[in-house]
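**Student:** fold the following and give me the result.
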Amino acid sequence: MQHLRQLLEINNSELARLLWFNLYGLEATLNQARTEFPLDPGAKVCDDVLQELHSLLQPTPPQQNTGWEDPPNELKLSHLREAFDSDSELSYYLGNSQLQSQTDSDLWNEIQRKLLRVPEDLAASWRQRTLDLAQEVGAIADHSNLYQLPFIRDEIIYPGLSGTVQTQGLSLYQQPLSNHLVTQGNASDLPAAFLFLYMNFIEIDPDLHHALKSVFNFDVISLHSKPEQRHQYIDALSDRFQRTQKAEKNTDPLSILRAWIDMDEAIHSLVFVPPAERYSWWGKLQHESRRILKKVADEAINAGNEVRIRQLSGLYADICASSKDDLQLDCGGIPGEVLTCLRLYTRINQEESPGRVIFRSSR
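**Tutor:** Numbering: from 1, shown residues only. As a prediction, this is how the structure comes out:
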């Protein structure tokens, strides 16, 4: 176990990342098998193995080098902080919480990550403004020094800085999905990519929450302040990923569709407070799951099934009859409207299943 831990703690190591992903997959598989075979003669040893895996996976995975650490009273980007915190349009989408970073490098990354949650036109204008304000203090955009997150494509999410402030930016890189966890060439490539991406993003963004009903039914939960919830959410996401893989192998259109509906719920249940705007970077990223889900639904229809899928949006009063166990927030969006659809409403061969949403209170 000592050498496993040493490898996991190596920064910017592809081998460390691969080990991290596969240990999570192994843990989820053993947890599921432990439930299915409670009387197995290896159950006690399996519990010990799961405890060791849990201990191994508690440290954060390889993270970016945040750059120079500046004393809190000497922030070069202090004007950027003040402008960002006082912008009313940003507050509409992000809520009234103030920036928390105490160094320039952390502040740059915190602001850029928050811009991923607002509409893309607003994010683009603000991203240019952050570069202009950084340039005033002698820092310039650096598109080469990027912390990489695995996904199904290459994309620079935002640049880092060089000069008087040095910090990494953030990018997606195309992660080969040719390991034993993934069957290539089908719709399951995307769940695998989301699993790997989310496991990494959760570790670098303390603002992330989850609203997955099977993990916790009654509230939107911070993954930063509740590490046990973070672990349970990732386990649930991994389990649903594996179910999509199993359904793909069985090739039954309805089994694939039902597995995808559950996977899509887990993907959309990783949220912020308030939730990311629909046309933000985050909103469009998560919508990729629903585009694939529509194709899976069309395949089920072509196989002779009656399928209706509906994303719940608009006034909560108009859709609440089609949803169940919804969550309410008092920030973000327009009072009385749906903030985000966590689970789609479905009707499959006369079997109706309610959706689930987060909505803004009307008061």
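**Student:** helix or strand right after the strand or helix carrying Thr130?
**Tutor:** Secondary structure from DSSP states H and E places Thr130 in helix 120-136. Next helix or strand after helix 120-136 toward the C-terminus (DSSP H and E): strand 139-142.
**Student:** if you count contacts, what does the following helix or strand past that following strand end up packed against?
**Tutor:** Next in sequence after strand 139-142, counting helices and strands by DSSP H and E, comes strand 146-151. Applying 3 or more C-beta pairs under 8 Å, 6 or more residues apart in numbering; DSSP states H and E, we find strand 146-151 packed against strand 169-174, helix 189-204. For glycine as for every other residue, the C-beta is placed from the backbone atoms N, C-alpha and C.
**Student:** deepest of the ones you listed, which one?
**Tutor:** Highest mean neighbour count among the helices and strands packed on strand 146-151 (mean count of other C-beta atoms under 10 Å): helix 189-204, with a mean of 21.
**Student:** can you add distance to Leu116 and mean pLDDT and give the helices and strands packed on strand 146-151 back as JSON lines?
**Tutor:** Formatted as JSON lines, the helices and strands packed on strand 146-151 follow (distance: least, C-beta to C-beta, whole Å; pLDDT from 0 to 100):
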{"stretch": "strand 169-174", "distance to Leu116": "9", "mean pLDDT": "93"}
{"stretch": "helix 189-204", "distance to Leu116": "10", "mean pLDDT": "90"}
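**Student:** closest to Thr340 out of the ones you listed?
**Tutor:** Of all the helices and strands packed on strand 146-151, helix 189-204 sits nearest to Thr340, with 16.0 Å by C-beta to C-beta.
**Student:** who does the closest one touch, helix- and strand-wise?
**Tutor:** Helix 189-204 makes packing contacts with helix 14-36, strand 146-151, helix 227-250, helix 253-268, helix 281-302 when contacts are defined by 3+ C-beta pairs under 8 Å, 6+ apart.
**Student:** switch to 6 Å and redo it
**Tutor:** Applying 3 or more C-beta pairs under 6 Å, 6 or more residues apart in numbering; DSSP states H and E, one finds that helix 189-204 contacts strand 146-151, helix 227-250.
**Student:** how far off helix 281-302 does the last one point, in degrees?
**Tutor:** It stands for helix 227-250. Relative orientation of helix 227-250 versus helix 281-302 (axes from the mean of the first three to the mean of the last three C-alpha atoms, to 10 degrees): 30 degrees.
**Student:** list the buried residues in helix 227-250.
**Tutor:** Buried residues in helix 227-250, counted by 16 or more other C-beta atoms under 10 Å: 229-245, 247-248.
**Student:** and for stretch 302-319?
**Tutor:** Buried positions in stretch 302-319, judged by neighbour count with 16+ other C-beta under 10 Å: 307, 309, 311-312, 316, 319.
**Student:** show residues contacting that stretch.
**Tutor:** Stretch 302-319 is contacted from outside by 253, 297, 300-301, 323, 336-338, 341, 344-349, 355, 357, 359, using C-beta atoms under 6 Å, 6 or more residues apart in numbering.
**Student:** counting only strands, which of these make the cut?
**Tutor:** In strands, judged by DSSP state E, the following of those are found: 338, 341, 345-348, 357, 359.
**Student:** and the two most separated of those?
**Tutor:** The span of those, defined through C-beta to C-beta, is set by Ile348 and Phe359 at 24.9 Å.
**Student:** of these two, who's got more company?
**Tutor:** Phe359 (25 against 18; other C-beta atoms under 10 Å).
**Student:** quick check: chain neighbours aside, which residue is closest to Leu8?
**Tutor:** Ala16 (5.5 Å; C-beta to C-beta, 6 or more residues apart in numbering).
**Student:** how near is that neighbour to Leu23?
**Tutor:** Remark: distance between Ala16 and Leu23 (C-beta to C-beta, to the nearest Å) = 11 Å.
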